[in-house]
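A.B. asks: below: sequence and its predicted model.
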Amino acid sequence: MSKDKIRQYLRPDAGQKVESWPWPDMAEDGRKRRPGGNALGYVPPLPAVAPAVELEPEEQPEPLTAEALDAIRQAAYDEGYEEGRQQGFEQGREEGRLTGLQQGHEAGLAQGLEQGLTEGQERIDELAARWQQLLEQLSRPLAAIDKAVEQSLVTLALELARNLLKAEAETSPRLLLATVQEAVAALPGQDGQITLYLHPEDIELLQRQYDQESLGRRGWELVPEPGFERGSLRLKTALSTLDTSLAGRIDQLMANFIKANWSRFHGPE
């Protein structure tokens, strides 16, 4: 509070008399005041006192007998046994489940592997059979081609051999003589006269081998036949007539050659 405000309430010129306020005597009041009072002499009321309650005596537990101890021990044993059995059952069931799962997995794996191998082998056999069938189907045309090629080669070889023999027959009388001799031997009744019809050039070849005396002894009469091919021959007697040719003779020779060598190229029949 400022001095100006104090002067507003206490002014000397107001003519008022200010009396001093004495301090109270705390000694006497202090003797009369109960403990717990404050400086102003206020004493709070005493708290209400609850009535005394009489406590009942506690029951003393009865002393345990041997039977009670056995019962307690048996109950604890049964409880522990049941708890252990239940825990063991749960643990055993879990272990059994895991073991069964493992065994089932291994058994299933082994069975699946075996089944897979079996099915795989069946599939392999099936594919192998199909490949074998395809190979057989492919080999059949090849076999037919081989057979056709073989036949063509044989035909070509025979034709070449025939042409070579014809060329040989035109320059050498050996084939012609052999053909004439075989034809004469095949005639029935060879004691009589035999007339031979040949190409004029073939007659010249025979005359180089047989003179007129030799032809007379054999009873051969050579008659030229310009319409015949080289190697063609007709033999005529009083009883029969036989037509043959050098070409037929060559074909017979080729047939005999093939027959003799068939097993060599194709194996025994």
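C.D. replies: Thanks, I have it.

A.B. asks: chain neighbours aside, what residue packs nearest to residue 242?
C.D. replies: residue 235 (4.5 Å; Cβ to Cβ, 6 or more residues apart in numbering). Glycine gets a C-beta too; all of them are placed from N, C-alpha and C.

A.B. asks: just checking, the one you found is part of a strand?
C.D. replies: Yes: membership of residue 235 in a strand is supported by DSSP: H, G, I helix; E, B strand; the rest coil.

A.B. asks: ok, it touching residue 194?
C.D. replies: Yes: between residue 235 and residue 194 there is a contact at 6.0 Å, judged by Cβ atoms under 8 Å.

A.B. asks: anything in contact with each of those two?
C.D. replies: Common contacts of residue 235 and residue 194 (Cβ atoms under 8 Å, 6 or more residues apart in numbering): 184, 187.

A.B. asks: just the pLDDT at the residue nearest to residue 242, thanks.
C.D. replies: We have a pLDDT of 88 for residue 235.

A.B. asks: and for residue 224?
C.D. replies: Per-residue confidence (pLDDT) for residue 224: 93.

A.B. asks: and the gap between it and residue 153?
C.D. replies: Distance, residue 224 to residue 153, using Cβ to Cβ, to the nearest Å: 39 Å.

A.B. asks: so for these two, which residue has more residues nearby?
C.D. replies: The neighbour count for residue 224 versus residue 153, taken as other Cβ atoms under 10 Å, is higher for residue 224 (14 against 10).

A.B. asks: apart from its neighbours in sequence, what residue is nearest the more buried one?
C.D. replies: Closest to residue 224 by Cβ to Cβ, 6+ apart is residue 200, at 4.2 Å.

A.B. asks: helices of the stretch 51-200 of the chain, start to end?
C.D. replies: Using DSSP state H, counting those that start in this stretch, the helices found in the stretch 51-200 of the chain span residues 66-171, 174-186, 200-209.
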